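Asks: return a 3D structure for these sequence lines:
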Amino acid sequence: MNRPNGFSLVEVLISLGIIGIIATLVIPNLLANYKQKAWDSSANVFEKKLSEATKQMNAEGILAGYSTTQDFVNNLSKYIKITKICKSDELNKCFTKTIKYGGQGESDENIDIELITTSENFGQKWNTETIGLQFSNGINGIIAYNKGCIQDPYNNQISGINCIAILYDTNGFKHPNDKGKDVRQININRLGKACNFIFEDKCYGAPFIPEILTYDECEKIREQLGIKRCCYYYSCEIGGQYVDYWASAINECQKQGGNLILQDELRAMAKTLYAGGDLNKNLASEWGFKIHEGDDSPFTIWAGDDYSGDSIHLAAGGTEFYQTHYTSFYQGSRGISYWYGLCRF
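Replies: This is a model prediction of the structure:
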């Protein structure tokens with residue numbers, strides 16, 4: 001019997017099924033490659049325009065000398081079109097709230113952009129604030145200015161890129177908000193961790209004196225802080241109300257995206273600071289501690305450990321580590337001159 005011309009229904013269905021399987025395997029990769037090329041192209045064009053803008057600022061002698069990022073951005077906007085500027089406490093109006101930050105052997109980490117408020121959050125000790133930007137080409141960015149940058153109007157090789165650190169998203173507010181894809185960076189050493197110094201491969205912020213946190217304020221956030229009880233002892237009473245500086249230190253570290261240093265970490269630091277028998281004042285100053293001369297313990301550091309329902313607070317002063325209920329300041333008295341908070345990120 002002769003076979004009729006054309007394909008049978010079964011053969012057509014099988015062919016369509018094979019084509020569908022191939023399409024399922026191939027099309028996502030094609031789309032991913034297309035998106036990656038689009039992001040790469042957009043990044044290349046943007047960085048070229050940014051370089052040209054700062055190069056022109058150098059040629060006109062207005063690249064260096066600003067004390068704030070805002071002042072720099074005000075002039076930068078004359079050389080590259082910026083449609084919106086957001087201050088450091090309103091970055092989410094110019095940039096997506098969170099990004100995935102990793103790649104190149106790093107583990108992915110979700111970064112809260114609201115915490116990226118200073119150049120230190122870019123790993124740069126420039127002591128300037130960050131500013132959010134939206135550019136006319138649809139790119140969003142967060143920028144910090146380097147107050148130490150150098151200009152030379154007669155040197156056309158200076159592009160000015162070394163004067164800034166910038167995180168930018170070629171995709172605006174759209175997904176995936178992922179470093180290495182639509183999110184790119186220039187002159188960012190690390191993101192989110194405002195390291196004042198590195199000790200034993202851990203990132204620590206600058207020492208700070210905690211603000212007053214009243215007992216009532218402490219109780220409202222006690223569970224969030226992860227502590228068993230806020231201080232209500234007579235020694236915590238100042239001006240007719242109970243206060244808890246230890247809880248305040250924990251709260252401040254959590255707001256910065258870190259944790260208050262623990263007792264074991266303090267012991268390790270003390271061994272380093274007193275390695276020669278006496279306090280290494282240069283190292284202590286480098287880490288940010290103010291040395292109060294004439295006291296047995298030139299500075300004291302709150303520890304985040306909470307061992308009992310009585311909120312026994314741990315402190316470290318000099319090489320001695322001890323437990324104390326005392327959360328109030330004894331500024332000027334012998335042995336306890338400054339109580340610091342120190343955050344680990």
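
Asks: grab the nearest non-local neighbour of D306.
Replies: With C-beta to C-beta, 6 or more residues apart in numbering as the criterion, D306 has its nearest non-adjacent residue at 5.0 Å, and that residue is I227. Placement of C-beta: from N, CA and C, glycine included.

Asks: distance of that neighbour relative to C218?
Replies: The spacing between I227 and C218, counted by C-beta to C-beta, to the nearest Å, is 8 Å.

Asks: F173 and T96 touch, don't they?
Replies: Yes. Here F173 reaches T96: they are 5.4 Å apart, a contact under C-beta atoms under 8 Å.

Asks: the more surrounded of the two?
Replies: T96 (18 against 14; other C-beta atoms under 10 Å).

Asks: for the stretch 151-300 of the chain, what spans make up the strands?
Replies: Here the stretch 151-300 of the chain has its strands, by DSSP state E, counting those that start in this stretch, at 164-169, 183-186, 197-199, 202-204, 237-238, 241-242, 259-260, 300-303.

Asks: follow-up on the earlier one: common neighbours of I227 and C218, please.
Replies: Between them, I227 and C218 share these contacting residues under C-beta atoms under 8 Å, 6 or more residues apart in numbering: A247.

Asks: those two: which is more packed in?
Replies: Legend: neighbour count by other C-beta under 10 Å for I227 and C218, higher for C218 (26 against 20).

Asks: from E90, how far out is the closest residue to that one other than its chain neighbours?
Replies: Excluding its sequence neighbours, the residue lying closest to C218 (C-beta to C-beta, 6+ apart) is C230, at 3.6 Å. Using C-beta to C-beta, C230 is found at 32 Å from E90.

Asks: please apply the same query to T128.
Replies: 17 Å.

Asks: compare those two and say which is more crowded by neighbours.
Replies: Neighbour count, other C-beta under 10 Å: between T128 and E90, T128 has more, with 26 against 13.

Asks: next one: the more buried one, what pLDDT does it get?
Replies: Listed pLDDT for T128 reads 95.

Asks: returning to what we had before: quick check: the residue nearest to C218 touching I221?
Replies: No. Using C-beta under 8 Å, C230 is not in contact with I221; the gap is 9.3 Å.

Asks: between those two, who's got more neighbours?
Replies: C230 (24 against 15).

Asks: any low-confidence regions in this protein?
Replies: Filtered on pLDDT under 70, the chain yields the residue ranges 1-7, 10-12, 15, 20, 22-32, 103-108, 235, 292-298, 307-338.

Asks: and it, what are its domains?
Replies: 32-193, 198-344 (automatic domain parsing).

Asks: distance to I18 added to the ones you listed, as JSON lines?
Replies: Output for those, formatted as JSON lines (distance: least, C-beta to C-beta, whole Å):
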{"stretch": "domain 32-193", "distance to I18": "22"}
{"stretch": "domain 198-344", "distance to I18": "51"}
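
Asks: quick one, helices of this protein?
Replies: Counting by DSSP state H, one finds helices in the chain at the ranges 9-59, 69-76, 215-225, 245-255, 263-273, 281-287.

Asks: what comes up buried for the second one?
Replies: It stands for helix 69-76. Residues of helix 69-76 classed as buried under the neighbour-count rule (16 or more other C-beta atoms under 10 Å) are 69-70, 72-73, 76.

Asks: again with the fourth one
Replies: Burial within helix 245-255, assessed by neighbour count using 16+ other C-beta under 10 Å, is assigned to 245-254.

Asks: stretch 271-283 too?
Replies: Result for stretch 271-283 [16+ other C-beta under 10 Å]: buried residues 273, 279.

Asks: same question, stretch 161-171
Replies: Those would be 161, 163-171, for stretch 161-171 by 16+ other C-beta under 10 Å.

Asks: and those residues, which two are the farthest apart?
Replies: Spanning the widest gap among the buried residues of stretch 161-171 are C163 and N171, at 25.6 Å by C-beta to C-beta.

Asks: for F199, name its beta-bridge partners.
Replies: For F199, the beta-bridge partners under DSSP bridges are K202.

Asks: how much space between it and R222?
Replies: According to C-beta to C-beta, F199 stands 29 Å off from R222.

Asks: who are the neighbours in contact with K174?
Replies: Contacts for K174 (C-beta under 8 Å, 6+ apart) come out as D182.

Asks: who's in contact with the most centrally placed residue in the chain?
Replies: Closest to where the C-alpha atoms of the chain average out (C-alpha atoms, centre = their mean) is G192, at 1.7 Å. G192 is in contact with 101, 109, 111-112, 115-116, 121, 257, 345, counting by C-beta under 8 Å, 6+ apart.

Asks: again, only this time at 6 Å
Replies: If you count contacts by C-beta atoms under 6 Å, 6 or more residues apart in numbering, G192 has them with I111.

Asks: what number of residues lie near A38?
Replies: 13.

Asks: with G65 instead?
Replies: Counted with other C-beta under 10 Å, residues neighbouring G65 total 11.

Asks: once you drop chain neighbours, what's closest to it?
Replies: Per C-beta to C-beta, 6+ apart, closest to G65 is Q151, 7.9 Å.

Asks: ok, now W126?
Replies: Among residues not flanking W126 along the chain, S119 sits closest, at 3.9 Å (C-beta to C-beta, 6+ apart).

Asks: P153 against L63, yeah?
Replies: No. Using C-beta atoms under 6 Å, P153 is not in contact with L63; the gap is 8.5 Å.
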